[in-house]
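[1] can you look at this prediction? I've put the sequence above it.
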Amino acid sequence: MKKIFESIGFITLILFSFVYTNKITTVIKENDDILEQIKSIENQYKTEPINAIINENTIITGVSGSQIDIQESYKKMKKTNQFNTNLLVYEKIKPTISVKNNYDKYIIKSSKNAVSLIFLVEQHNDINKVLTILDKYDIKANFFTDGNWFEDNNNKVISLIEEGHIVGNLGYNYDYKVNGVSWMNTIVTKIGNQNDSYCYVEEENEEALNICKQNKSYTIMPNIIVKNNPLITIKQNLINGSIISLKINDNVINELPLIIQYINSKDLKILNIAELLDE
């Protein structure tokens, strides 16, 4: 019995020593000059998130904020034993109102200081000239494809995704009632490993929205739809967060370098749709 009490006492002593040492370490850390300096600039380096804006059945996506990760920043600076703002570590602050899983809304633009280019790929379009121009400027864009083109170009679809572009779904001749949305999305997300799938409308279309919602696809309704005079149309309507729709034709191909240069001159990044909508 005596040995049992001695063992219990020894274990208790070890536990007390551990707790006491941990408390001492915490007290020392809390009074550490580096830690105090990090805490003193916490608000200065904090960026508040921008919530998504929902207006009836449309949505403008938000933007995450950021704040200093105090513990991780402290760990990095403690290795050099000096305060250095270049070693600050940040963590995201997600918007409280988000586009995430809002499949029942038309996405019309983003709150980011960036834009996205959607190329509408119809049955007999050749996208190679567009890709050559995008590669020259290191631009990642979006190719929303007709079901017939998709059927004939499965390997190209996978290649586009692997190169960092996004492949969207136009149904068959812009009709989502034809039973093709699901299998196209399966190839894009399961074989191509694209995170999300996307539909496209140019005006409100409740039937298309419901079909795309059932397939867990985001429905994009661009705020700039180019019909004629691509460069002029974009110059007249460009704003931050714009989603720009372009049909592939000779005018678009000829003016695409000028369009890219004009967007860049406005200090707007050109992102694929996944990056533009990412909060």
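    That came in fine, so what should we check first?
[2] domains of the chain?
    2-53+63-93, 106-277 (automatic domain parsing).
[3] among those domains, show me which one is buried the most.
    Of all the domains of the chain, domain 106-277 carries the top mean neighbour count, a mean of 18, counting by mean count of other Cβ atoms under 10 Å. Glycine gets a C-beta too; all of them are placed from N, C-alpha and C.
[4] first vs last residue of that domain, how far apart are they?
    The straight-line separation of the ends of domain 106-277 (Cα to Cα, to the nearest Å) is 12 Å.
[5] chain center to it: distance?
    Between the centre of domain 106-277 and the centre of its host chain there is 15 Å, according to Cα atoms, centre = their mean, to the nearest Å.
[6] average pLDDT across it?
    Throughout domain 106-277, pLDDT has a mean value of 96.
[7] please, where are all the strands along the stretch 151-279 of the chain?
    166-169, 197-200, 217-220, 224-226, 243-247, 269-270 (DSSP state E, counting those that start in this stretch).
[8] if we can go back for a sec, any chance of the domains of the chain in TSV, plus distance to residue 99?
    Supplementary listing: these in TSV, determined by distance: least, Cβ to Cβ, whole Å:
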stretch	distance to residue 99
domain 2-53+63-93	5
domain 106-277	6
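[9] and residue 100, which of these is closest to it?
    Using Cβ to Cβ as the criterion, the shortest distance between residue 100 and the domains of the chain is 8.8 Å, found for domain 2-53+63-93.
[10] now that closest one: average pLDDT?
    In this model, domain 2-53+63-93 has an average pLDDT of 76.
[11] the one helix or strand residue 143 maps to pairs with which strands, and in what direction?
    Under DSSP states H and E, the secondary-structure element containing residue 143 is strand 142-145. The partner list of strand 142-145 in its sheet, established with DSSP bridges, is strand 114-121 (parallel), strand 166-169 (parallel).
[12] of all those strands, which one is nearest residue 266?
    strand 114-121 (8.9 Å).
[13] may I have that closest one as PDB, with CA atoms only?
    The C-alpha atoms that make up strand 114-121 are tabulated as PDB, following Å, rounded to 0.1, in the frame of the first residue of the first chain:
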ATOM      1  CA  ALA A 114      -9.900  41.900 -61.500                       C
ATOM      2  CA  VAL A 115     -11.900  40.700 -64.400                       C
ATOM      3  CA  SER A 116     -12.500  37.400 -66.200                       C
ATOM      4  CA  LEU A 117     -12.800  36.500 -69.900                       C
ATOM      5  CA  ILE A 118     -15.300  33.900 -71.100                       C
ATOM      6  CA  PHE A 119     -15.000  32.600 -74.600                       C
ATOM      7  CA  LEU A 120     -18.100  31.000 -76.000                       C
ATOM      8  CA  VAL A 121     -17.100  27.900 -78.000                       C
END
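[14] hmm, who's touching it?
    For strand 114-121, the surrounding residues in contact (Cβ atoms under 8 Å, 6 or more residues apart in numbering) are 110, 127, 130, 139, 141-146, 149, 168, 170, 200, 220, 222, 238, 240-248, 252, 259, 263, 268-273, 275-276.
[15] can you tell me the closest non-neighbouring residue to residue 271?
    residue 114 (4.9 Å; Cβ to Cβ, 6 or more residues apart in numbering).
[16] any idea what that neighbour is bridged to?
    Per DSSP bridges, residues listed as beta-bridge partners of residue 114: residue 269.
[17] measure it to residue 277 for me?
    Applying Cβ to Cβ, to the nearest Å, the value for residue 114 to residue 277 is 10 Å.
[18] for the stretch 51-200 of the chain, what spans make up the helices?
    70-80, 128-136, 147-152, 154-162, 181-186 (DSSP state H, counting those that start in this stretch).
[19] turn those helices into TSV, including distance to residue 208.
    TSV is the format used below for the helices of the stretch 51-200 of the chain (distance: least, Cβ to Cβ, whole Å):
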stretch	distance to residue 208
helix 70-80	45
helix 128-136	25
helix 147-152	14
helix 154-162	21
helix 181-186	9
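[20] looking at those helices, which is nearest to residue 61?
    Between residue 61 and the helices of the stretch 51-200 of the chain, the tightest spacing by Cβ to Cβ is seen for helix 181-186, at 20.4 Å.
[21] right, I'll call it a day here.
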